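*Asks:* Predicted structure and sequence below. I'll ask about it afterward.
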Amino acid sequence: MAGVNIDDRIKLTVDNLADVFRATDVAAMLKDFGKTIQTQDPIIHFYETFLAKYNPKLRKQRGVWYTPELVV
């Protein structure tokens, strides 16, 4: 969503999130994912929740939509 022309207002936040993701043990985080909630795909939370609020117009312009695993 940000691309090379990232809005300066969110640049620090995006950089901080990238640092967190680089330090995260994703395999350990996903080990029990889906046992406490009814989905097996954590990406849906990013696409369906964050992007819908972040910039719905830009999301639509760029065609950023989540396709559930069962549909794929």
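*Replies:* That came in fine, so what should we check first? Model, not experiment: these values are computed from the prediction.
*Asks:* the helices in the protein, which residues?
*Replies:* 8-22, 26-30, 43-45, 51-54, 56-62 (DSSP state H).
*Asks:* among these, which gets the worst mean confidence?
*Replies:* The minimum mean pLDDT among those belongs to helix 43-45 (a mean of 68).
*Asks:* Would you reformat the helices of the chain as a markdown table and include mean neighbour count?
*Replies:* C-beta here means a position set from N, CA and C on the backbone, and glycine is covered the same way. Output for the helices of the chain, formatted as a markdown table (neighbours: other CB atoms under 10 Å):
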| stretch | mean neighbour count |
| --- | --- |
| helix 8-22 | 10 |
| helix 26-30 | 9 |
| helix 43-45 | 12 |
| helix 51-54 | 13 |
| helix 56-62 | 11 |
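*Asks:* most centrally placed residue in this protein?
*Replies:* Geometric centre of the chain, nearest residue: residue 46, 3.1 Å, by CA atoms, centre = their mean.
*Asks:* any idea of the pLDDT on it?
*Replies:* pLDDT, residue 46: 70.
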